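In: Kindly return the folded structure for what I paste below:
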Amino acid sequence: MLTVIDKSNYLRGLLILAKKDNRLIENEKNIIRDAAKRMGFSKDFYEETLRNLMNNDYILEKPIIFSNQEIAKLFISEGLELAFSDNELCKNELGWLKEIANANEIPDEWLDDILKKIEEVKVN
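Out: Next comes the predicted model:
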């Protein structure tokens, strides 16, 4: 179960990730909206945040540490979905997700396996 802090960090993490390639497309907005709804954030809050996201310089971008590794893995998996929603994974997006994995002591092999699976799906 996600704590209130985990929920806040999760949403903040998705917002940071969405900014990493300096553009915000509708697919990314929809993934963020879905996550925000699941976590109980008000529609007014997340819609306002999305409207101002690209101009918001106050979102701290330090790596997020979740209360446990399973939540971190869930975040990274959804983060990769968000990052690939424009059919490309930029260096900044991948680098930031690796920082999250390292901060949460997730083995590099786990992330490599997830990336391989995504590549296999893209090829087929």
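In: Look at residue 26 and say how many residues are nearby.
Out: 9 (other CB atoms under 10 Å). For every residue, glycine as well, the C-beta is placed using N, CA and C.
In: for residue 113, same thing?
Out: Neighbours around residue 113, by other CB under 10 Å: 11.
In: separation between it and residue 101?
Out: 12 Å (CB to CB, to the nearest Å).
In: Report the buried residues of stretch 71-91.
Out: 71-73, 75-76, 78-80, 82-86, 89 (16 or more other CB atoms under 10 Å).
In: just curious, which of those is nearest to residue 12?
Out: Closest approach between the buried residues of stretch 71-91 and residue 12, by CB to CB: residue 75, at 10.4 Å.
In: Surely that closest one and residue 66 touch.
Out: Yes - assessed by CB atoms under 8 Å, residue 75 is found in contact with residue 66 at 6.5 Å.
In: so what sits against both of those two?
Out: residue 10 (CB atoms under 8 Å, 6 or more residues apart in numbering).
In: I'd like the next helix or strand past the host helix or strand of residue 102.
Out: Element membership for residue 102, per DSSP states H and E: helix 91-103. Sequence-wise, the next helix or strand downstream of helix 91-103 (DSSP H and E) is helix 108-123.
In: what does that following helix rub up against?
Out: So helix 108-123 is contacted by 73, 76-77, 80, 84, 97-98, 101 (CB under 8 Å, 6+ apart).
In: Quick check: the gap between residue 86 and residue 60.
Out: In terms of CB to CB, residue 86 sits 24 Å off from residue 60.
In: how about residue 58, secondary structure?
Out: Following DSSP: H, G, I helix; E, B strand; the rest coil, we place residue 58 in the coil state.
In: Which residues are in contact with it?
Out: With CB under 8 Å, 6+ apart, residue 58 has no contacts at all.
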